[in-house]
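Visitor: I'd like to go over a predicted model; first the sequence, then the structure.
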Amino acid sequence: MPPKAKITKEMVIDAAFEVTRAEGAQNVNARTVSKKLGCSTQPIMYHFTKIEDMKRAVYEKVGQFHTEYLLNINPKEDVMLGIGLNYIRFAVEEPNLFRFLFQSGFAVENNLLEMVDSEELKPIISAMQEAIPCETAEWPSGVPSGIPCETAECPYGKPLGTGLDTNQIKEVFITLAMFVHGYASIIANNALEYDERVVTTHLERAYRGAILALQEEKDNE
């Protein structure tokens, strides 16, 4: 008789992720996860004595999945607009995961300022920073450091003197985050039909408005 397959902690988390994705986090328990794995509830309880701990592990996995989804941008799209659209598309395509991430109370951060400085958002802020270079941004590898933006050719191929610094990029992110999160939340709760053409138009307006407002503040300093 062949030995029974060992159920690892990663297998439990993966199964709980799929249950969350299909049925919502409220249906994640030892019975539903064991059914997904085709085993008894014993391996589930061995790795997670508390269902709450299993959900926290799944929450971390969903956060990583969400970040990868946001950064999967169409090369033809502007990076910042692409991230914004992907945020809303995620709510359309993965409503249960979206609600678990943002409407379950599992988030560690208590406000937007904490969120924008979180480890999970660093890749996104970095991608936005590369899309809008600035005087204080770090040069990419291979470019001599210490070259002022005003005199050097922009390594990102952008017009010089029109960029934003890191803190301003975070301000743009917060503005867009408020906009896209509102849109995505309404869609995830089935209160609004998704129309990408309309969403894109509104997102472009919010994006341009945020950039222009910060550049205007910069000019008035």
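Guide: Cool, the structure landed.
Visitor: what about Thr49, helix or strand, and which?
Guide: Per DSSP states H and E, Thr49 falls between elements, in no helix or strand.
Visitor: Could you report the neighbour count for it?
Guide: Close neighbours of Thr49, defined as other C-beta atoms under 10 Å, add up to 10. (Each C-beta comes from the backbone N, C-alpha and C, glycine too.)
Visitor: Check Ala16 too.
Guide: 27.
Visitor: do the same with Val28
Guide: Applying other C-beta under 10 Å, I find that Val28 has 22 neighbouring residues.
Visitor: quick one, what contacts it?
Guide: Listed by C-beta atoms under 8 Å, 6 or more residues apart in numbering, the contact set of Val28 reads 16, 19-20, 51, 54-55, 58.
Visitor: between these, which is closest to Gln64?
Guide: Gln64 lies nearest to Val58 out of the contacts of Val28, by C-beta to C-beta, at 10.8 Å.
Visitor: State the helix or strand in which the closest residue to the closest one other than its chain neighbours lies.
Guide: Among residues not flanking Val58 along the chain, Ala16 sits closest, at 4.7 Å (C-beta to C-beta, 6 or more residues apart in numbering). Using DSSP H and E, Ala16 sits in helix 9-23.
Visitor: and if you look at Glu60?
Guide: Glu60 belongs to helix 51-71, assigned by DSSP H and E.
Visitor: Just the angle for that helix relative to helix 9-23, thanks.
Guide: For helix 51-71 against helix 9-23, the angle by axes from the mean of the first three to the mean of the last three C-alpha atoms, to 10 degrees is 70 degrees.
Visitor: buried sites along helix 51-71?
Guide: Within helix 51-71, the residues that count as buried by 16 or more other C-beta atoms under 10 Å are 54-55, 57-59, 61-63, 65-67, 69-70.
Visitor: Which secondary structure elements does the helix or strand of the chain with the lowest mean pLDDT sit against?
Guide: Sorting the helices and strands of the chain by mean pLDDT, DSSP states H and E puts helix 112-116 at the bottom, at a mean of 71. When contacts are defined as 3 or more C-beta pairs under 8 Å, 6 or more residues apart in numbering; DSSP states H and E, helix 112-116 sits against helix 166-188.
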